[in-house]
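Novice: Return a 3D structure for these sequence lines:
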Amino acid sequence: MHRPALAAVGLALLGACVTTDACDEYVDYMCECHADDPDYDCNTLRIIYQDADGETLSDCQVTLQDQQSEDDANGESCDADDASF
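Specialist: Predicted structure coming up:
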């Protein structure tokens, strides 16, 4: 009797987990931290990087790290959760 209940709870918790990939993180960062930059259009970025494949995911991770490093070097700080530049 306890096993079905535990299984149901486990599935509910599994479904509650939100998975993000490197491209989602890149797009979120750019949309939140560079929203005023005319070189980046949030909607376009979301379209380009939706359903990214393995190679694109790797590229997104590198691009995000490069952008964050560039922002740090320029004295700009942004936490994509609060978008405080």
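
Novice: per-residue pLDDT, residue 15?
Specialist: On the pLDDT scale, residue 15 is placed at 40.

Novice: and what of residue 12?
Specialist: pLDDT for residue 12: 43.

Novice: go on, residue 47?
Specialist: pLDDT at residue 47 comes out at 96.

Novice: ok, now residue 82?
Specialist: pLDDT, residue 82: 49.

Novice: average pLDDT across the helix or strand where residue 62 lies?
Specialist: Assigned by DSSP states H and E, residue 62 falls within helix 54-73. Per-region confidence: helix 54-73 scores 95 on mean pLDDT.

Novice: buried stuff in that helix?
Specialist: Buried residues in helix 54-73, counted by 16 or more other Cβ atoms under 10 Å: 56, 59-60, 63-64, 67-68, 71. Heads up, the C-betas are built off the backbone N, CA and C, glycines and all.

Novice: Between these, which sits nearest residue 22?
Specialist: Of all the buried residues of helix 54-73, residue 22 sits closest to residue 60, with 4.1 Å by Cβ to Cβ.

Novice: which residues touch the closest one?
Specialist: Residue 60 is in contact with 21-23, 25-26, 49, 52, counting by Cβ atoms under 8 Å, 6 or more residues apart in numbering.

Novice: rerun at 6 Å
Specialist: 22-23, 26 (Cβ atoms under 6 Å, 6 or more residues apart in numbering).
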